[in-house]
Structure formats: structure tokens, C-alpha cells
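Visitor: my questions are about this predicted structure, shown below with the sequence.
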Number of protein chains: 2
Amino acid sequence: MKSTINDVAARAGVSIKTVSRVINNEPSVRPATRQKVMDAVEALHYQPNLAARNLAGTRSYTIALIYDNPNAYYVIDMQNGILEACKARGYELLIHPSNSKSTNVNDELRALVEHSKVAGLVLTPPFSETQSVIDEVKKLGLDYVRIVSSGAAEGDEDNCIQVDDTAAAFDITKHLIENGHKRIGFLAGGEEHVSTHGRLEGYKEALQQAGISIDPDLIIPGEYSFDSGVSGAKALLEKDNPPTAIFASNDEMAAGALFAARLMHIEIPAQLSIVGFEDSPFSRQTWPKLTTAHQPNSEIAKCAAALVLNKARSKSASESASANKDAGITKKFVPELLVRDSTGQSPA
Amino acid sequence: MKSTINDVAARAGVSIKTVSRVINNEPSVRPATRQKVMDAVEALHYQPNLAARNLAGTRSYTIALIYDNPNAYYVIDMQNGILEACKARGYELLIHPSNSKSTNVNDELRALVEHSKVAGLVLTPPFSETQSVIDEVKKLGLDYVRIVSSGAAEGDEDNCIQVDDTAAAFDITKHLIENGHKRIGFLAGGEEHVSTHGRLEGYKEALQQAGISIDPDLIIPGEYSFDSGVSGAKALLEKDNPPTAIFASNDEMAAGALFAARLMHIEIPAQLSIVGFEDSPFSRQTWPKLTTAHQPNSEIAKCAAALVLNKARSKSASESASANKDAGITKKFVPELLVRDSTGQSPA
DNA sequence: AAAACAAATGACAACGCTGTCAATTTGGCG
DNA sequence: CGCCAAATTGACAGCGTTGTCATTTGTTTT
């Protein structure tokens, strides 16, 4: 049967409290004793019982992921990353999908906290960028980490994992410019996302640096959806002086743009280059495969979770090495350019 | 602060044990007493503490979802459905993604059960259709529900939620036939999935019933992927006597088929009809939108979870109404034909 | 070498609930 | 009315941890 802390204590010849100290990495345990205990833990394959810990302790061993995102790929990636971090530290994950339209997120948050003791929260866009949600989380006194587009980190950098959309968009645009493109269309994502603005910013910066003037006519507002990509690209391509390249704000839109181009019998990439953003499976389910910026969602989530876990832990009175605590946690990601088959030289 | 069972007991003027009886729906509580307690529960917004329950009780209030499926849409749908059922009954969900290639699922199962007391399991394809996994689950004495294609339910119907792929495939094919199609290509999914065979079966039955002979040349083996859809459709359309309609075994393949057709400048649905299966977001991200069979994954998952929860509960010694226990749980689903824009009259 | 202090360890009571079993109440019946 | 079985209720001991605080052991200091 499963072994308990008593078994370990007996085997190591110490009290259960000492075992508790060792497995919680508390100070005031002699190295020799610590070793004895760890050996016993090893031998018995001991794993602390989560229910007991949650019940007895002041701190909890559960974190929650709150999301409201229609993009299944994104959610799954996030989840997997967080799960990985949790598993490594013996925490449990509570999944909480939420619909910001039909329910009041703040109420849900409160209920969540009251019902299950939760150690911390991982917030993803759009919640992570919504002030009222952030305020509520703070009010509840919860540890949290927000996964946000760089612009939304403000004075809260300690609690953010940032994605530098601007830098990545800059790189993508630069790639197009280096391929001789001078007229580059931009399909913007939803206004409410901070990333939308960041990506546009990067696009503009790259053009400016290359001395190419910005043509507002080539910037089409839209949403992060396939349909929006289709209509945006159409609008662009039906112009008198159409662009030779299109920067779609995400892969889904790029797929739509690709489709629109195909409908108009435009060859990709010979006559038109198209880029996406995110490196979601979408970008591999098109023909040709999309040039895009790889956004390591799973890794991002893993870092976010690790950060929350550290926060929760450091609250517990005694903490040994709080110095290099956050070692190995990247707090700022720059999606990397991934050149595939949808971009090429500008047709002169 | 959060109220406990003691608060409720005090307010209702009974012992905590009686409160426990009421919230667990145990018999032997006088209606009047029950009411008093329920009023107190109501007034105090009492919610039983999960950690305490898990620790104290013999049964657990956690079920697990084990999956190994690359289709993010599918997984999210499943998850949401299960989560809904869990929330309704006060259970918690443990998510366990697994990779059958890199790890041994059976070991993972064992670890899962030993570590966290788990009340039951929801298994999805391909695990739900893998004998060795099923055997292990049984050996561990776990309650489980398998979500399977009808063919795989065998003598285990009590533990299965079935999806009748054959019936749905029959309906889809019939729809094509009714539109005058006589040469219908079939793009098959992965051999290892039971659904693949079921769908092919339905296709054949419909043809036979319509008196159309089955042309093996029109049945192309493949996988449930976009690329497979592209190449399969190409193979079909490059034939001397190409089909006028293509039945792709899922939406992803259908999207691929659509793309291949587009590349060959074939108009959809004027020159060629294409159908998918599943009604995943894929089917709405194509142009034209796909005719498909709606597979209510979220609902299926919800039923599966409800069933597991019932199993787990009925084990607990005292159960009042075990008669109509499974009321409202559908155990067999037939995906429903959804006619959209990718199918039309056969040219000719 | 003893006193004084700090570090390491342990005993024991929670945590909020369920399970067991004993105590009490109820209702039916002679 | 009183007695007995059945139905209802309650007292209390865990479940496997952590937190508190007392105790023991080790290390300085003088």
C-alpha cells in the first residue's frame, strides 16, 4: 500500500515532524539526518498526501488556471506547460474555463478561492490584461502570474511573464523587407488584445528603420479569426496597388489570407508573401506552410506556473535559498522568426 | 470566513454527523431534520471541504481524464464536458495528458492511483480502445468509462459511451447519394482507430442500400490529418474517372481535400462535393463551410463523467435511489448530419 | 568544565470530514 | 401503557499532514 509519513519516520528513526521538515525543505535539520530521511523516502517511494497537506497546512498545494480563450491549441499548450511545472513540484492544477460574456469572472474567482484553498493563479489573455480582474485577484490576496503582451506589464513586472510581440513583429517585418518587399499589408487582430497593438508597433518600427513610409491604407483592422483573415486579405488584394506581402497578426488569419489569395488565383509565395504569428498547428495545415514567429506557449506557461509556485512557497515562513529562487525562469519571451514556405522574394 | 460542517451543525441544532448524512444523501434522516440542515447549509453557503473529504473518506472526490490525442479541439471539448459534470456533483478533475509513444501508460496509471486517491477514470480514444490499458484499469479495480466507437464496446457496454460512427457515416453518404452522386470517394482515417472502420462501414452500407456497387479504387487509406486529406484527394481527383463527391473521414482531412481541389481549380460544390465528420472548428474555417456530421463531444464527455460519478457513488455502502440512477445519461450518440455549403447536386 | 545560548528534534494538537458503533428516540403492537 | 425492534441521532476516533511549543542536543563562552 501507499506509504505515509509515519512509515518514513519509522524507517529513518526520526519523528514525523523531522520528515515533514525534510520534504518541505525547511532549515534546522542536520545534513546527516536529512540524508537518512531522504534515503527512507527514496526506499519507500514516499509521496506526501495532497489532501492531508491541503487540510493541515496554511498553504495549499493547488494552483488554478483561469482562461477564456476560444483557441483550443493555445489552451492545451498552456495547460500542458503548467501541468509539467506542477508535477515537478508536487502541486495540483485546477482548470477553470470561464466565459467573460456570460458570467462575472470576479464572482467566479471569489467562489473559487473560498471553496478550494488555492495557492496561486495563472492568468492568460484576455483576463491577464483586464484591470478589473487583476484588481480582484489582488484584493483576494492571491499570488498570481499574468501572461501578457509586454505592453501590459506596466509596473507589475514581478507578476508577469511577458511576450514581446513588438520585437517579434519587428523581426518578421524585417524578414519581408530583406526579401525586397516594400508594400507590406498588415492585418490587425482584435482591438481588445494588447498583443494586437504590440504587433502593429513592431511592424511600423521595422518599416521606419528601413526608411519605408507607413501607408495607413495597408493596415486593415480585424480580429484574430480565419474569416477576418479572408476578408482583410481580399480588401488588400483588390486595391489598385496591392501589397506584395501580407503580415497577418496570427496564423489563423494568415490561413484565411492564404485562402483568399488562392481564390484570386494568386501564387504563394511567387506573387505574394504571407506571414503569420504564433506557430500554431494552423501554420502547418496550410499549403504552403506558413512563415511565422514561434511563440513557445507551453514553455511560457511552464515558467508562469513555476513563478507562481515560487511565490506561494516563499510566503511560507521559512525559506532557505530565496536568493536564486527564480533561477531558470524566463520572464520575457521573444517569439522567434520561423521561415517556411509562404514567403519569398518580392516579385520585383 | 468559509464555514465548516461544525457551523452548519450548530446552526441546525444537530450533530456534525447528521449534517454529513444530509450532504451525502444518506438514508436514515428524518425529513424535518434534513430540512433544518439544508436550510442551514443554504444560509451559510456551506460547501464541503474537498481535502477533508478525500482524507477522511474511503471514497475519493476526484476523477481523472486520461488522454493522448493531438486534436486540441477534441481535448478541450472533452474537458469542458467533464468539468461541467464534476462541478454539478462537487467533484474535482485531474487532467492527465499522456504520450503513449514515450511512456508506458500502465505505469502512469498505477502511479496516478497510488498517489492520488482517484474515484474513477474517463478514457478517450485511443486509450479507450486499447485492450492492455483497459485490462490494467480493471486490474487496478478502478471505476471507468470508455468513450468509444460503437464497435469497440463489445461486452463492456455498461462502461461505455458509444458513438455510432457507422450510422452517422451512413447518413452522410446517403445525403450525397440523394444529391445524385454515384461515384463517391472515401478518405479513410488511421487504421488504429475503431472509428475508421465504423465510418467506412456506414459508407459501404449506404452505397449498397442504394444499389451502387462499391469501387475499391475509390477508397483511399490514410490518417486523420490535413496532409493525408490533401494527398488522398489528389489521388482521387487525378484518376481517369474521378468521383463527384468525397467523404473525408474527419473535418481536418476534408479541409485538406478542399485545399487539394482548390489547387486543381475545381469548384466546390459545383464540380465536387466534399463532406467531413465531427463538426470541429475546422469545418467552419474553410471556404465553403463543410457539410459534416455533428459529434457533440462536450455532451458525450459530460455523460461519460456523470456515469463514472454514478459508479463511484453507488459503491459507497448506502445508496438511496439506485434505480433511476443513470437517468438522463445518454449512452449512445449518433452524430447528426449537418448540411452546409460544401455539398450540392452532382454535376452531370 | 560549567553555564548559557543556539540549533535540532520531538510530542501533540489541530485541519474538516467520514466511519463505526453506541445511545437515544420513535412507532407499532400486545 | 409498556415493551421491543427499527429508525434516527450522536460521540468519538481516525485520515496524513503541518504548526506550535517544549525538550533535547550541540556549541560557545568564560
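Guide: Structure received. Residues are numbered from 1 along each chain as shown, chains lettered A, B, ... in the order given.
Visitor: in which helix or strand would I find the spatially closest residue to A:Thr291 that is not a sequence neighbour?
Guide: Nearest residue to A:Thr291 in three dimensions, chain neighbours excluded: A:Thr343, at 4.2 Å (C-beta to C-beta, 6 or more residues apart in numbering or on different chains). Glycine gets a C-beta too; all of them are placed from N, C-alpha and C. Assessed by DSSP states H and E, A:Thr343 sits outside every helix and strand.
Visitor: burial of A:Thr343, as a residue count?
Guide: Residues lying near A:Thr343 (other C-beta atoms under 10 Å in any protein chain shown) number 24.
Visitor: could you check how far it is from A:Thr244?
Guide: 11 Å (C-beta to C-beta, to the nearest Å).
Visitor: for those two, list the residues in contact with both.
Guide: With contacts taken as C-beta atoms under 8 Å, 6 or more residues apart in numbering or on different chains, the residues that reach both A:Thr343 and A:Thr244 are A:Ser273.
Visitor: about what we covered before: contacting residues for the residue nearest to A:Thr291?
Guide: Residues near A:Thr343 by C-beta under 8 Å, 6+ apart: A:175-176, A:179, A:245, A:269, A:273-275, A:291.
Visitor: for A:Arg34, same thing?
Guide: A:Arg34 neighbours (C-beta under 8 Å, 6+ apart): A:Val22.
Visitor: in what helix or strand does it lie?
Guide: helix A:31-44.
Visitor: tell me if that helix is near DNA strand D.
Guide: No: using C-beta under 7 Å from any atom of the strand, helix A:31-44 stays clear of DNA strand D, with a minimum separation of 10.0 Å.
Visitor: can you show me the CA trace of that helix as PDB?
Guide: Extracted in PDB, the C-alpha atoms of helix A:31-44 (Å, rounded to 0.1, in the frame of the first residue of the first chain):
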ATOM      1  CA  PRO A  31      22.700  17.100   7.000                       C
ATOM      2  CA  ALA A  32      23.100  13.600   8.300                       C
ATOM      3  CA  THR A  33      19.500  13.500   9.500                       C
ATOM      4  CA  ARG A  34      18.300  14.900   6.200                       C
ATOM      5  CA  GLN A  35      20.200  12.200   4.300                       C
ATOM      6  CA  LYS A  36      18.700   9.500   6.500                       C
ATOM      7  CA  VAL A  37      15.200  10.800   5.800                       C
ATOM      8  CA  MET A  38      15.800  11.200   2.100                       C
ATOM      9  CA  ASP A  39      17.100   7.700   1.900                       C
ATOM     10  CA  ALA A  40      13.900   6.400   3.600                       C
ATOM     11  CA  VAL A  41      11.800   8.500   1.300                       C
ATOM     12  CA  GLU A  42      13.600   7.000  -1.600                       C
ATOM     13  CA  ALA A  43      13.300   3.500  -0.400                       C
ATOM     14  CA  LEU A  44       9.600   3.700   0.300                       C
END
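Visitor: tell me how far it is from the chain's mean position?
Guide: Offset of helix A:31-44 from its chain centre (C-alpha atoms, centre = their mean, to the nearest Å): 37 Å.
Visitor: list the buried residues for that helix?
Guide: Judged by neighbour count using 16 or more other C-beta atoms under 10 Å in any protein chain shown, the buried positions of helix A:31-44 are A:33-34, A:36-38, A:40-41, A:44.
Visitor: before we move on, what about stretch A:248-267?
Guide: For stretch A:248-267, burial by neighbour count (16+ other C-beta under 10 Å) applies to A:248-262, A:266.
Visitor: over to stretch A:235-247?
Guide: For stretch A:235-247, by 16+ other C-beta under 10 Å, it's A:235-237, A:242-247.
Visitor: which of these lies closest to DNA strand D?
Guide: Top of the list for closeness to DNA strand D, among these and by C-beta to the nearest atom of the strand, is A:Phe247 at 51.0 Å.
Visitor: contact partners for the closest residue to the closest one other than its chain neighbours?
Guide: Closest residue to A:Phe247 apart from its sequence neighbours, by C-beta to C-beta, 6+ apart: A:Phe186 at 5.0 Å. Applying C-beta under 8 Å, 6+ apart, we find A:Phe186 in contact with A:200, A:203, A:218-220, A:246-247, A:249.
Visitor: next one: phi and psi at A:Phe186?
Guide: phi -130, psi 120 (degrees, to the nearest 10).
Visitor: any idea what it is bridged to?
Guide: Counting by DSSP bridges, A:Phe186 is bridged to A:Ile219, A:Phe247.
Visitor: could you check how far A:Ser280 is from A:Glu252?
Guide: Applying C-beta to C-beta, the value for A:Ser280 to A:Glu252 is 7 Å.
Visitor: which residues are in contact with each of those two?
Guide: Shared contacts of A:Ser280 and A:Glu252, counting by C-beta under 8 Å, 6+ apart, come down to A:Asn71.
Visitor: now the residue of chain A most remote from its centre: closest residue in space that isn't a chain neighbour?
Guide: When distances to the mean C-alpha position of chain A are computed (C-alpha atoms, centre = their mean), the maximum falls on A:Gly13, with 45.4 Å. Distances taken as C-beta to C-beta, 6+ apart place A:Lys36 nearest to A:Gly13, at 6.9 Å, with adjacent residues excluded.
Visitor: can you read off the pLDDT for that neighbour?
Guide: Per-residue pLDDT puts A:Lys36 at 94.
Visitor: so it touches A:Val14, yeah?
Guide: Yes: if you go by C-beta atoms under 8 Å, A:Lys36 and A:Val14 touch, sitting 6.9 Å apart.
Visitor: quick revisit: which residues touch the residue nearest to A:Gly13?
Guide: A:12-14.
Visitor: among the residues you listed, which ones are in helices?
Guide: Using DSSP state H, A:Ala12 are the members of those that sit in helices.
Visitor: in TSV: the contacts of A:Lys36, plus pLDDT.
Guide: As requested, the contacts of A:Lys36 are exported to TSV (pLDDT from 0 to 100):
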residue	pLDDT
A:Ala12	94
A:Gly13	94
A:Val14	94
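Visitor: stretch A:333-348: end-to-end distance?
Guide: This stretch, stretch A:333-348, spans 35 Å end to end (C-alpha to C-alpha, to the nearest Å).
Visitor: so for that stretch, what gets flagged as buried?
Guide: A:333-335, A:337-338, A:340, A:342-344, A:346.
Visitor: of those, which ones also sit close to DNA strand D?
Guide: Counting by C-beta under 7 Å from any atom of the strand, no member of the buried residues of stretch A:333-348 reaches DNA strand D.
Visitor: what distance separates stretch A:273-286 from the centre of its chain?
Guide: Put simply, stretch A:273-286 sits 18 Å off its chain's centre (C-alpha atoms, centre = their mean).
Visitor: which secondary structure element of chain A has the lowest mean pLDDT?
Guide: None of the helices or strands of chain A scores lower by mean pLDDT, DSSP states H and E than helix A:105-115, at a mean of 82.
Visitor: is any residue of that helix near DNA strand C?
Guide: No: figure legend: helix A:105-115 not in contact with DNA strand C (C-beta under 7 Å from any atom of the strand); closest approach 10.2 Å.
Visitor: what lies in contact with the next helix or strand after that helix?
Guide: The first helix or strand that comes after helix A:105-115 along the chain, using DSSP H and E, is strand A:120-123. Strand A:120-123 has contacts (C-beta under 8 Å, 6+ apart) with A:63-66, A:78, A:82, A:133-134, A:137, A:142-147, A:301, A:304-305, A:308-309, A:311-312.
Visitor: which of those residues fall within strands?
Guide: Under the assignment DSSP state E, the contacts of strand A:120-123 contribute A:63-66, A:143-147 to strands.
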